[in-house]
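Asks: My questions are about this predicted structure, shown below with the sequence.
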2 protein chains.
Amino acid sequence: MTLRHAILGLLSKWDATGYDIKKEFDDFMSIFWHSHLSQIYPELNKLETEELVTSRLIPQEGKPHKKVYSITDGGIEEITNWVGSPPEIPKIKDSFLMQVFFMDNISVDQVIFQLKYYQGVRQKRLDEMKLTVQEAWKSIKERQTMTPRLLMSSAVLRRGLEQEVQYIKWCEETIQLVEACKSLWDPDASLDSVLPFEEAKDLMEEYFNAAVGLEED
Amino acid sequence: MTLRHAILGLLSKWDATGYDIKKEFDDFMSIFWHSHLSQIYPELNKLETEELVTSRLIPQEGKPHKKVYSITDGGIEEITNWVGSPPEIPKIKDSFLMQVFFMDNISVDQVIFQLKYYQGVRQKRLDEMKLTVQEAWKSIKERQTMTPRLLMSSAVLRRGLEQEVQYIKWCEETIQLVEACKSLWDPDASLDSVLPFEEAKDLMEEYFNAAVGLEED
DNA sequence: AACTCATATGTAAATACTTATATATAAATA
DNA sequence: TATTTATATATAAGTATTTACATATGAGTT
């Protein structure tokens, strides 16, 4: 039921085609949503039969015709109600964290490789996002205006950015921890090469305290 | 295709019933995964026909019988391959961030209310998680042993914790920003009560820099 | 005494989402 | 020149997920 609100929310800002909506999803909104055209088009149809949106056909030369959707008063009411309704904690599906959770099944070197690889992928994403922010920031300064709309989308953008920054930092610190605890993986290690528990404990405490105070007694 | 890996991963640690797996999902694994029993049972059946797991019936007195699943060599191979396969950035669906994105449709007071409410919900979740960590930590110190398995699940746990901490901090700082920019919402405000652009710009810059350096020129 | 919760396994139906296919043209790239 | 990409809409088929239903018992709560 959230896809309809993603669509209505966008149409409360501008008129748009299904294709436009998809581009918006893939661009800025990818921080918190995604969807395929094959899901967007039927949803727009449903919204039209429910009279939350209306459409008009716009013929184009050389390109396929456009079906431009506009929001109705009913649609505005629906999206406004939803935005003000009690928020829920989204149920996460993070397949990489799941891989990490089961990484005791592979070698330390593989673990470190996976973490480094993922860190790189996230870094690339962060770099792209930073470019977007800088462009947006430039145009805001040129226009010399600040609006609630800009404010709220900036809040979302900051959340997206800091999420990337923090994931990268987590990768880094986890690589360090695993590197320091390497000998735990080796069952054939001689006793003096095995990590003593006290040392592991200290490393872990440091690792946790870098992110959250555990205030334990 | 990830549910099967969640199940196989768990069965690579211990034998379990579908019911046990569901509890594990709802408990520790909720940081990165969730699923319903009505999806877990059919998936276990599929895994059995593919010979990645085997099952045996265990009758119980007073309670329904148990169907305990064990992983096979084929299952171990499958999960090991998957854990070592190239990780992908999960596509996020965060309906709260979407609500925030469209919050220019409601009043400032409602915006602040929504943010405060969500912060509270997240805080409650963090408090629960902290309790779990403290218990786990106590038992680790009692057992005086550290293993790759414990290490990797600790890494996931830390990620979960810091995610909560950061979301709470984001709520706090966003509330402050919105509070400071309140006058933007009021179209009837007299000119001198409207937030000047320069002031808004400074507030925004501070807001972004608290999380990420934008290194702009 | 009636209701809810935890244990335990399942099926059925409905919804949501992904992947593949179909059509049509212009522009850009290999 | 052939392929890919972008524009634009749409359907079909398959997979994944959620919600509802069905059954059974013991323990705890209202």
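Replies: Perfect, I can see it now.

Asks: surely residue A:165 meets residue B:212?
Replies: Yes: Residue A:165 lies in contact with residue B:212 (C-beta atoms under 8 Å); the separation is 5.3 Å. Placement of C-beta: from N, CA and C, glycine included.

Asks: residues in chain A within reach of DNA strand D, list them.
Replies: For chain A, the residues in contact with DNA strand D (C-beta under 7 Å from any atom of the strand) are A:17-20, A:23, A:37-38, A:41-42, A:44-45, A:60, A:63-68, A:91, A:93.

Asks: Out of the residues you listed, which sit inside helices?
Replies: A:18, A:19, A:20, A:23, A:37, A:38, A:41, A:42, A:44, A:45 (DSSP state H).

Asks: Mind checking which of those are buried?
Replies: A:18, A:20, A:41, A:44 (16 or more other C-beta atoms under 10 Å in any protein chain shown).

Asks: Quick check: the two most widely separated of those residues?
Replies: Across those, the longest distance by C-beta to C-beta is 12.3 Å; it joins A:20 and A:41.

Asks: How is residue A:211 assigned, secondary-structure-wise?
Replies: coil (DSSP: H, G, I helix; E, B strand; the rest coil).

Asks: Chain neighbours aside, what residue packs nearest to it?
Replies: Distance criterion C-beta to C-beta, 6 or more residues apart in numbering or on different chains; nearest residue to residue A:211, sequence neighbours excluded, is residue B:162 at 3.9 Å.

Asks: what's the helix or strand for that neighbour?
Replies: helix B:148-180 (DSSP states H and E).

Asks: can you give me the strands for chain A?
Replies: Listed in chain order, the strands of chain A (DSSP state E) span A:53-58, A:66-71.

Asks: near chain B at all, the first one?
Replies: Which is strand A:53-58. No: figure legend: strand A:53-58 not in contact with chain B (C-beta under 8 Å from any C-beta of the partner chain); closest approach 15.4 Å.

Asks: CA atoms only: put that strand into PDB for me.
Replies: In PDB, the C-alpha atoms belonging to strand A:53-58 read as follows (Å, rounded to 0.1, in the frame of the first residue of the first chain):
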ATOM      1  CA  VAL A  53      -5.700  11.000 -10.000                       C
ATOM      2  CA  THR A  54      -6.800  12.000 -13.500                       C
ATOM      3  CA  SER A  55      -4.900  11.600 -16.800                       C
ATOM      4  CA  ARG A  56      -4.600  13.300 -20.200                       C
ATOM      5  CA  LEU A  57      -2.900  12.100 -23.400                       C
ATOM      6  CA  ILE A  58      -0.300  14.300 -24.900                       C
END
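
Asks: how about residue A:93, what does it touch?
Replies: B:2, B:32, B:33, B:34, B:90 (C-beta atoms under 8 Å, 6 or more residues apart in numbering or on different chains).

Asks: Mind giving me the PyMOL command for buried ones among those?
Replies: Only the buried entries of the contacts of residue A:93 go into this PyMOL selection, using 16+ other C-beta under 10 Å:
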select buried, chain B and resi 2+32+33+34
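
Asks: Kindly identify which of the contacts of residue A:93 also come near chain A.
Replies: B:2, B:32, B:33, B:34, B:90.

Asks: and residue A:164, how many neighbours?
Replies: 21 (other C-beta atoms under 10 Å in any protein chain shown).

Asks: ok, the residue nearest to it when sequence neighbours are not counted - contacts?
Replies: Sequence neighbours aside, residue A:126 is the residue nearest to residue A:164 in space, at 4.0 Å (criterion: C-beta to C-beta, 6+ apart). Applying C-beta under 8 Å, 6+ apart to residue A:126 gives the contacts A:161, A:164, A:165, A:168.

Asks: from those residues, which single one is nearest residue A:150?
Replies: residue A:161 (15.8 Å).

Asks: That closest one against residue A:130, yeah?
Replies: Yes: if you go by C-beta under 8 Å, residue A:161 and residue A:130 touch, sitting 7.3 Å apart.

Asks: who touches both of the two?
Replies: residue B:212.

Asks: Tell me the one among the contacts of residue A:93 nearest to residue B:144.
Replies: residue B:32 (28.3 Å).

Asks: Residue A:171 versus the closest residue in space to that closest one that isn't next to it in sequence, what's the distance?
Replies: Nearest non-adjacent residue to residue B:32, counting by C-beta to C-beta, 6+ apart: residue A:97, 3.8 Å away. In this view, residue A:97 and residue A:171 are 11 Å apart by C-beta to C-beta, to the nearest Å.

Asks: Kindly report the same for residue A:142.
Replies: For residue A:142 relative to residue A:171 (C-beta to C-beta), the value is 36 Å.

Asks: These two - which one has more neighbours?
Replies: A direct count of neighbours by other C-beta under 10 Å for residue A:142 and residue A:171 places residue A:171 higher, at 24 against 8.

Asks: check contacts around that one.
Replies: A:115, A:116, A:118, A:119, A:122.

Asks: Kindly recompute the last result at 6 Å.
Replies: Shown in contact with residue A:171 (C-beta atoms under 6 Å, 6 or more residues apart in numbering or on different chains): A:115, A:119.

Asks: Return the per-residue confidence for it.
Replies: Per-residue pLDDT puts residue A:171 at 98.

Asks: so how far is residue B:146 from it?
Replies: 21 Å.

Asks: same question, residue A:19
Replies: For residue A:19, the distance to residue B:146 - C-beta to C-beta - is 54 Å.

Asks: With residue A:130 instead?
Replies: Taking C-beta to C-beta, one finds residue A:130 at 38 Å from residue B:146.

Asks: out of those two, which sits in the busier spot?
Replies: Neighbours per residue (other C-beta under 10 Å) separate residue A:130 from residue B:146, with residue B:146 holding more: 22 against 18.

Asks: I figured the more buried one was touching residue A:200, is that so?
Replies: Yes: Residue B:146 is within contact range of residue A:200, at 4.0 Å (criterion: C-beta atoms under 6 Å).

Asks: Contact partners for residue A:168?
Replies: If you count contacts by C-beta under 6 Å, 6+ apart, then residue A:168 has A:119, A:122, A:123 around it.

Asks: For these, which entry has the maximal number of neighbours?
Replies: residue A:122 (22 neighbours).

Asks: Near DNA strand C, which residues of chain A? Just list them.
Replies: A:1, A:2, A:3, A:34, A:35, A:36, A:38, A:39, A:62, A:63, A:64.

Asks: so where's chain A shaky on pLDDT?
Replies: Low-confidence segments of chain A (pLDDT under 70): A:214-217.

Asks: Chain neighbours aside, what residue packs nearest to the residue most central in space within it?
Replies: Closest residue to the average C-alpha location of chain A: residue A:31 at 3.8 Å, with C-alpha atoms, centre = their mean. Distance criterion C-beta to C-beta, 6+ apart; nearest residue to residue A:31, sequence neighbours excluded, is residue A:160 at 3.7 Å.
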